[in-house]
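Trainee: what follows is a predicted structure for the sequence shown.
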Amino acid sequence: MIDYDVRASDDSSKSERPFDPAEHPHRRRNALTGEWVLVSPHRMQRPWQGQTEHAPPQTAPRYDPSCYLCPGNARAGRLTNPAYKHTFVFTNDFAALQSDTPNGVMQRGRFFLAQAETGVCRVICFSPRHDLTLARMDPPDIRQVVDTWAEQIEELGRDPQIGYVQLFENRGAVMGSSNPHPHGQVWATRRLPTEPSKEDREQRAYFTRRNAPLLVDYLAAELAAAERVVVENDAWVALVPYWAIWPFETLVLPRRHVLHLPELAPLERDALADLLKRLLIRYDNLFETSFPYSMGWHGQPTAGDDYAHWQLHAHFFPPLLRSATVKKFMVGYEMLATPQRDITAEQAAQRLRALPELHYSKRR
Ligand code: H2U
Ligand code: ZN
């Protein structure tokens, strides 16, 4: 038998120093999912000799004849894109979900359970310009993207076969994006997927206890703490959440209680375009590269109406850690135990906040 006594060894190593989360390893609870992240601020100085990603080329043509998302071009299927001027939505030619899948459940014994899942997958081109990103689009054009997002939720949400609509964008080759042309995706499913379902559970439990939406109270606490806010305007705030996992992860929140994107008033949509642009320019300026990320919107499910506990928000999960070429890996301990980070959420917010709002490509 191995002879050990955790309490004795804890006692012997106990020092008189008080716990300081800016210096000492600790874990933080994600109030939105109920999960934990390990924070190790003392590790920031460790050397790096591992993989570096190549910075993607910075110049792209306004129109690429070989791009399957540019206006007028043929896609991988047999269809051709129209000569679109703002945004353009089409059904994914390689959709992961289909609306005509037969409904059903197959269960064999205790371990083999399969449920048919139906849904719709679409692609949203954000702009006809092949060379732009959301960070470099003009706010009125970003506003068109906001309207398209809201329309997708509205339209797909009316379908009784659909219970939840996920909007997202994979930006940059390092995040698996297949094409630099600015675009995002919509996957709408009958059932609530894993991440929104954790958030539904935690937000509902909080609402039952406190009679207020969790993220509305959380934003008030973040504004009072004033340590993790990155950018704000009249209607929106972008901050590094206290429980962030990715080095420069952010959460975008409306100031008022909003269940989902279609509810946003015109001025709130303009303000969102302004906030997204300012946040994304800071991201690009951080390592002077077109910053890769996966982002997406979470809002109330579309089936049912008992969702007063929900608050609309967007997550940005960028993988870069210390340069345009060094990214964080979610491997070993993250896969087997719990996510871990070195730079604290407060340090990340401070770095993002300090950056200029003029895109580096426009600086002399
Ligand atoms: P990314 O967001 O990861 O770049 O994916 C783009 C999507 O575009 C991907 O799901 C679809 C792929 O199936 N696509 C088409 O629907 N038609 C095409 O001609 C090529 C890519
Ligand atoms: Zn969320």
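Mentor: Yes, it's here. Ligands and ions are numbered 1, 2, ... in the order given.
Trainee: check the burial of the residue lying closest to residue 64 once chain neighbours are set aside by counting its neighbours.
Mentor: Sequence neighbours aside, residue 130 is the residue nearest to residue 64 in space, at 4.7 Å (criterion: Cβ to Cβ, 6 or more residues apart in numbering). Bear in mind the C-beta positions are built from the backbone N, C-alpha and C, glycine included. Residues lying near residue 130 (other Cβ atoms under 10 Å) number 21.
Trainee: try the one 5 residues further on
Mentor: The number of residues packed around residue 135, counting by other Cβ under 10 Å, is 22.
Trainee: residues touching it, list them.
Mentor: Counting by Cβ atoms under 8 Å, 6 or more residues apart in numbering, residue 135 touches 277, 280-281, 283-284, 290-291, 359.
Trainee: among the residues you listed, which pair sits farthest apart?
Mentor: 277 and 290 (14.2 Å; Cβ to Cβ).
Trainee: can you list the domains in the protein?
Mentor: Per automatic domain parsing, the structural domains of the chain span 29-42+193-362, 88-189.
Trainee: mind checking which helix or strand the nearest residue to residue 339 once chain neighbours are set aside is in?
Mentor: Among residues not flanking residue 339 along the chain, residue 245 sits closest, at 4.3 Å (Cβ to Cβ, 6+ apart). Residue 245 belongs to no helix or strand when elements are defined using DSSP states H and E.
Trainee: pull up the gap between residue 245 and ligand 2, please.
Mentor: Using Cβ to the ion, to the nearest Å, one obtains 12 Å as the distance from residue 245 to ligand 2.
Trainee: wait, that residue touches residue 338, no?
Mentor: No: using Cβ atoms under 8 Å, residue 245 is not in contact with residue 338; the gap is 9.4 Å.
Trainee: who touches both of the two?
Mentor: Joint contacts of residue 245 and residue 338 (Cβ under 8 Å, 6+ apart) are residue 37.
Trainee: between those two, who's got more neighbours?
Mentor: Taking neighbours as other Cβ under 10 Å, residue 245 and residue 338 compare with residue 245 leading, 21 against 13.
Trainee: you'd agree residue 148 is in a helix?
Mentor: Yes: counting by DSSP: H, G, I helix; E, B strand; the rest coil, residue 148 is found in a helix.
Trainee: contacting residues around the closest residue to residue 160 other than its chain neighbours?
Mentor: Nearest non-adjacent residue to residue 160, counting by Cβ to Cβ, 6+ apart: residue 303, 7.5 Å away. By Cβ under 8 Å, 6+ apart, residue 303 lies in contact with 160, 162-164.
Trainee: point me to the residue of the stretch 251-364 of the chain nearest ligand 1.
Mentor: Nearest to ligand 1, among the residues of the stretch 251-364 of the chain, is residue 294, at 9.2 Å (Cβ to the nearest ligand atom).
Trainee: for ligand 2, what is the nearest residue in the chain?
Mentor: Nearest residue of the chain to ligand 2: residue 298, at 3.2 Å (Cβ to the ion).
Trainee: pretty sure that residue contacts residue 307?
Mentor: No: the criterion here is Cβ under 8 Å, and residue 298 misses it with residue 307 at 11.7 Å.
Trainee: buried stuff in the strand or helix carrying residue 347?
Mentor: Assigned by DSSP H and E, residue 347 falls within helix 345-353. Using 16 or more other Cβ atoms under 10 Å as the test for burial, helix 345-353 gives 345-349, 351-352.
Trainee: following the longest helix belonging to the chain, which helix or strand shows up next?
Mentor: The longest helix of the chain (DSSP state H) is helix 266-286. Using DSSP H and E, the next helix or strand after helix 266-286 towards the C-terminus is strand 293-298.
Trainee: give me the contact list for that following strand.
Mentor: Strand 293-298 is touched from outside by 149, 166-172, 175, 195-196, 199, 261, 283, 312-319, with contacts defined as Cβ under 8 Å, 6+ apart.
Trainee: sorry, back to before: and the residue nearest to residue 64, which of the three is it?
Mentor: Per three-state DSSP, residue 130 ends up coil.
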